[in-house]
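**Student:** Test case, fold it:
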Amino acid sequence: MSNMETHPDTARPPACSPETLAKRRRQHKATRPQLLTRAQLDGRTSAAKAFDKLVADIEADLGGRDQLSTIQLVLIEAFAGAAVTLQHLNTRLALGQEIDLSQHAQAVSAMVRVASRLGLQRRAREIIPDPLDYAREHS
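**Tutor:** Predicted coordinates for the structure are as follows:
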């Protein structure tokens, strides 16, 4: 029995050597999941291409990437992920395969919610020419 089991009211765990603590820390770090980013993935799959094209198209519709906030950029990626998922489910449905209708409904619902935040109308991209370039072109 351990110290903790024999004395349940003891608040301190049994003493460990520094080597044991270091080993536990190394084990803990080794078991942490690594977060992947899109940049780390192979973008040659059809799903990745569809995702990237949709993101670029939506960013252009909303006036360009440089005009968008970080929150808008994340919401665009969320929309694209739901849209690619929905495309996959619709393709399976068209092939006569069974799909999870709740997953389909969740993807549609997510898209509607995100689209309502981002807006459904295209925004004109603001193009302001550099005054020096403009003067050179029109002189």
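**Student:** First-to-last residue distance for stretch 91-104?
**Tutor:** Start-to-end span of stretch 91-104 (Cα to Cα, to the nearest Å) is 12 Å.
**Student:** Return the distance of that stretch from the chain's centre.
**Tutor:** Put simply, stretch 91-104 sits 24 Å off its chain's centre (Cα atoms, centre = their mean, to the nearest Å).
**Student:** mean confidence for it?
**Tutor:** In this model, stretch 91-104 has an average pLDDT of 97.
**Student:** Report the buried residues of it.
**Tutor:** His104 (16 or more other Cβ atoms under 10 Å). C-beta: built from backbone N, CA, C; applies to glycine.
**Student:** Contacts for that stretch next, please.
**Tutor:** Here stretch 91-104 makes contact (Cβ atoms under 8 Å, 6 or more residues apart in numbering) with Thr85, Leu86, Leu89, Asn90.
**Student:** Need the buried ones from the residues you listed selected in ChimeraX.
**Tutor:** Burial among these is assessed by 16+ other Cβ under 10 Å; the matching ChimeraX selection reads:
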select :85,86,89
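**Student:** in the protein, which spans are helices?
**Tutor:** Secondary structure of the chain (DSSP state H): helices at 3-6, 18-31, 46-61, 70-94, 101-118, 131-137.
**Student:** could the ones you listed go into TSV alongside distance to Arg125?
**Tutor:** Putting the helices of the chain into TSV (distance: least, Cβ to Cβ, whole Å) gives the following:
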stretch	distance to Arg125
helix 3-6	64
helix 18-31	45
helix 46-61	8
helix 70-94	15
helix 101-118	16
helix 131-137	17
